[in-house]
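J.: pasted the sequence and its predicted model underneath.
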Amino acid sequence: MSKLASNEYYDLVRTTNWTPRYVPESELFPEMMSGARGIPAEAWESFDEPYKVTYSDYVATQREKDAGAYSVKAALERANYIDDADPGWVSTLQAHYGALAVAEYAAATAEARMARFSRAPGNRNMATFGMLDEMRHGQIQLFFPHEHTKRSRQWDWAYKAMHTNEWAAVAARHMFDDMMFTRDSVSVAIMLTFAFETGFTNMQFLGLAADAAEAGDHTFASLISSIQTDESRHAQQGGPVLKILIENGKKDEAQKMIDVIFWRAWKLFSVLTGPILDYYTPLEHRKQSFKEFMQEWIIGQFERQLNDLGLDLPWYWDEFIRALDETHHGMHMGVWYWRPTVWWNPAAGASPEEREWLESKYPGWNATFGRCWDVITENLQKGREDLTLPETLPTICNMCNLPVVGAPGDGWNVKDYQLVHEGRLYHFGSEVDRWCFQQDPERYKGHMSVVDRFLAGEIQPQNLAGALLYMGLAPGEIGSDAHNYAWAGVGKQQAAE
Amino acid sequence: MTATPEPLKPLKTWSHLADRRKRPSEYDIVSTRLHYRRRNPDVPWELDPDLPMNDWYRKYCNESPLKHPDWDLFQDPDQLVYRTYNILQDGQEAYVGGLFDQFSDRGHDEMIPNEWIETLTAFYTPARYLYHGLQMGSAYVAQMAPASTITTCLYLQSADSLRWVTHTCYRTVELSKARPDLGFGKNERAHWEDDPQWQGFRRLLEEGLVVWDWAESFVVFNLVLKPAVEEALLGTLADVARSNNDTLYSLLSQAQMRDAERHRRWASRLVEMALAVDGNREWLRGRVAAWTPKAEEAIRAYCGALKESDGGEAAIENMLAFQRGLGLRD
Amino acid sequence: MALFPLSSNFEGDFVVQLVVVDDGATMDEVASACAVHSIDRRVAPRPGKVLRIRRHSTGELYPREMLVKNTGLMPTETIDVIFSDI
């Protein structure tokens, strides 16, 4: 396609709105799926994607990208990096793939929602490429971990996790389904592509890629940075949609959508990315703390983008900044303590040197979370592993579907934000989680958290073994301490005796 | 936990593929059984069970009249994955790009008859709206289909349709340079919305775009509308183009027909799979019989107005032959 | 007597937990049931202290011998379990 420059025919490719005659416009673009909010098609046609791509450019560029990423993988496969990698890094990969691979393939459905129902032709075309991008991310993040299935059943969860009722998978589905599969195309453009993709995924894919390179896992580093180069193409769709909503008097509605999903994304990152960056990644490979990554990748960029569009910071911004010092530490402790209920081996990350690093990055850590780790470490040194394993369930938030956590020890501040709605008592992990529920209770009120199901007798037998069965977890898959308590000086001590 | 059972042993592949004898291909590993909304047909999405979108997916996917105990057994006969699709289409685009360049170098648009170029304003360049409609329709069936292997074929079909839109627009701009006086790049919407030759296809497209059941939408797009559009625009129009020395359009149509044939291969495999289940044959034949008359009408309206064409006889026969080959028509 | 689920927000711990008690249990019995899942697990014992039960939402302190069914608590409602001198 060299004779004509792409900008000569590009606009024609997105001049594809027509006035329907044989079917009413309201039926062709039902509000539930399209979400035009009364804004006419002509206004939507002002949608202009900053990052333009044609079909021939797309297939050429993407062919080369895959060729690159797959050849790195093939070249390094024989090196068996995984067999010598730190167990904490192996858990990082297993948690990442399990939570994201199948979910990214599913994200193509969100793009397809826009490709069919958006009123903006440019959005429909970018979403068509977005469908392919997400299909790529799903497929490549299934192909890369598949070689490890022979190493442990936990690798099977790269495929299996999102199909189970394991509590982290339920939390991920609840968030992803709320954000991108059960909404109209305008909401998807704002929640998925703007708030989540431009807001957060940079961090998971670029921040983690930096640690991966440090850890010498070049296969994973090249994979996730290659994935991220696709993000700018389909993540850009939110900006133009937001501009049109704001120009047409829908700023408040757009702001609320962003505020809901930014918090929901933050809670998911606090249980997945937080522990990975501050506890699983081997100390010597940690480029920055989770909080520093968040400040660099999310807070700085996101504030600028909101200002550029004339939007405000979410109303809870101060609480969000405060929570950066706390929430993920609680989520990590929850995942570690309830480790039999996850599909990877959580790394405690609480050796003396690691605690020193944590105290330096989060002053006051030892006086709060450190107090709990003191008791745990002591139990392990006394040979009381049983006291470091759960015998009941945590209270689960009915929004983020994660444990209700807070600061322990001297700074004890754990709060449960309760709500009675239509006669049912709900529990929320934060004031903002409760606020999200109250914005649209009809979307959430009938959902049952894993604890609700346990109490309703849906999980039999009604004990931890029954819960593991319900979650699809069997011995060989259930998590255990990544370093077999070496960090607590247990291994060395026993060897000495 | 008392006597813990034997730990599960590692497998050589995903557990859902482990009991199959043959070694899993890259296609098996990355494409099969991915729709997690299918794990609980009563509540597809992990939110309130009565959420409108839960109703939508229960009604138009899980409770579709077209039944099968395990749609995930469907396999794309071409076994395309994202990686190989780009290799395939990058090669095809290099070929088509080469055609455009060579014919442009030879001054093709200055050599074809003026009358033929006027025919192209009325019968070709407005097709970008029709192809874009196929892009939208394929994206709908994709997001509703009950298995990821079916959905993946439809994502690629939607992208192929955007490819056809792009070729059409490329040619529209080239023709506008050769004949700036014919409204290329400006009048296509008016032709598409008002000219009689397009109204049959437009009506079938609009009515097809509001069919919400995934299987009926698949029937309309892949077994009725697409065959009709392909036989008319890539068949009949291409024949008349050849007799008007428009070799470029003829070759371009053949290149686009490669995509269409790939779509028909996977659609045929899906129909074949469906016919193995009692009740599906009657339902599929009923849907084909209900929708095809509008496609015949559309072909006649289009080809009937196309001078030097056979009025659409061959196009109609080819469409019906395709349906007959699937066992969906006598 | 009937089983009654409560959510234990134990002083010094990092997470609220499900603790199922009998609706005829006293506040002292509830406190010790909650302690099983926090003390010596993540919370160091504090000899000489007594564990008291508070309604999380209001801060209302329940008498030690009050029975669960007389507290007005809803099933799964959250209680604070705090160290106290009396």
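T.: Alright, I've got the coordinates. Numbering: from 1, shown residues only, chains lettered A, B, ... in the order given.
J.: for the record, mean pLDDT for stretch A:307-322?
T.: In this model, stretch A:307-322 carries a mean pLDDT of 94.
J.: go through that stretch and flag the buried ones.
T.: A:309, A:311, A:313-314, A:316, A:320 (16 or more other CB atoms under 10 Å in any protein chain shown). From N, CA and C alone the C-beta is placed, and that goes for glycine too.
J.: closest to chain C among those residues?
T.: Among the buried residues of stretch A:307-322, A:F320 lies closest to chain C (CB to the nearest CB), at 19.5 Å.
J.: so how far is A:N123 from the closest one?
T.: Distance from A:F320 to A:N123, counting by CB to CB, to the nearest Å: 29 Å.
J.: just the pLDDT for the closest residue to B:V30 other than its chain neighbours.
T.: Spatially, and ignoring its direct neighbours in sequence, B:V30 is nearest to A:Q139 (3.8 Å; CB to CB, 6 or more residues apart in numbering or on different chains). As predicted, A:Q139 sits at a pLDDT of 97.
J.: SS state for A:Q139?
T.: Secondary structure of A:Q139, reduced to three states by DSSP: H, G, I helix; E, B strand; the rest coil: helix.
J.: that one reaches B:T32, doesn't it?
T.: No. Using CB atoms under 8 Å, A:Q139 is not in contact with B:T32, being 10.9 Å away.
J.: give me the common contacts of those two.
T.: Overlap between the contact sets of A:Q139 and B:T32, as judged by CB atoms under 8 Å, 6 or more residues apart in numbering or on different chains, is nil.
J.: show me where chain C has helices.
T.: C:27-35 (DSSP state H).
J.: for it, which spans come out with low pLDDT?
T.: For chain C, no stretch has pLDDT under 70.
J.: which residues touch the one helix or strand A:Q418 maps to?
T.: In the assignment (DSSP states H and E), A:Q418 maps to strand A:417-421. With CB under 8 Å, 6+ apart as the test, strand A:417-421 has contacts from A:425-431, A:433-434, A:437-438, A:441, A:445, C:56-57, C:74, C:77-78.
J.: which among those are in contact with chain B?
T.: By CB under 8 Å from any CB of the partner chain, the members of the contacts of strand A:417-421 lying near chain B are A:K445.
J.: check contacts around the residue nearest to A:T15 when sequence neighbours are not counted.
T.: Excluding the flanking residues, the one nearest A:T15 by CB to CB, 6+ apart is A:P121, at 6.7 Å. Residues in contact with A:P121 (CB under 8 Å, 6+ apart) are A:14-17, A:45, A:47, B:132.
J.: show me the contacts for the residue lying closest to A:F176 once chain neighbours are set aside.
T.: Computed as CB to CB, 6+ apart, the closest residue to A:F176 that is not its neighbour in sequence is A:A103, at 5.5 Å. Listed by CB under 8 Å, 6+ apart, the contact partners of A:A103 are A:138, A:162, A:172-173, A:176.
J.: what helix or strand is A:A103 located in?
T.: Using DSSP H and E, A:A103 falls within helix A:87-117.
J.: that helix: how far from the chain's middle?
T.: Centre-to-centre, helix A:87-117 and its host chain are 8 Å apart (CA atoms, centre = their mean, to the nearest Å).
J.: one more: stretch C:43-52?
T.: On CA atoms, centre = their mean, the centre of stretch C:43-52 falls 13 Å from that of its chain.
J.: what does it contact?
T.: By CB under 8 Å, 6+ apart, stretch C:43-52 touches A:371-372, A:374-375, A:408, C:10-13, C:27-28, C:31-32, C:34-35, C:39, C:61-62, C:64, C:81-86.
J.: same thing but at 7 Å, please
T.: A:375, C:10, C:12-13, C:31, C:35, C:39, C:61, C:81-86 (CB atoms under 7 Å, 6 or more residues apart in numbering or on different chains).
J.: also stretch A:203-221?
T.: A:72-73, A:76, A:81, A:85, A:89, A:93, A:144, A:224-225, A:227-228, A:273, A:276-277, A:281-282, A:285-287, A:293-294, A:297-298.
J.: so where does residue 330 fall, helix or strand?
T.: Just so you know, I chose chain A. Counting by DSSP H and E, A:G330 is part of helix A:327-337.
J.: around chain A, pick out the residues from chain C.
T.: Selection of chain C residues close to chain A by CB under 7 Å from any CB of the partner chain yields C:5, C:7, C:9, C:11-19, C:37, C:40-44, C:56-57, C:74, C:76-78.
J.: make a ChimeraX selection of the buried ones in those residues.
T.: In ChimeraX syntax, the buried subset of the residues of chain C next to chain A is picked out as below (16+ other CB under 10 Å):
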select /C:5,7,9,11,12,13,14,15,16,17,18,19,37,41,42,43,56,74,76,77,78
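J.: give me the phi and psi for the closest residue to A:G411 other than its chain neighbours.
T.: Leaving out its chain neighbours, the residue that sits closest to A:G411 by CB to CB, 6+ apart is A:T368, at 4.4 Å. Main-chain dihedrals, A:T368, degrees, to the nearest 10: phi -120, psi -90.
J.: check contacts around A:T368.
T.: For A:T368, the contacting residues are A:407-411, by CB under 7 Å, 6+ apart.
J.: closest one of the residues you listed to chain C?
T.: Nearest member of the contacts of A:T368 to chain C, counting by CB to the nearest CB, is A:P408, at 3.8 Å.
J.: grab the most central residue of chain B for me.
T.: B:Q157 (4.9 Å; CA atoms, centre = their mean).
J.: ok, the residue nearest to A:F176 to A:I299 distance?
T.: Counting by CB to CB, the gap from A:A103 to A:I299 is 24 Å.
J.: by proximity to chain C, which residue of the stretch 1-150 of chain A wins?
T.: A:A95 (19.3 Å).
J.: nothing else from me, thank you.
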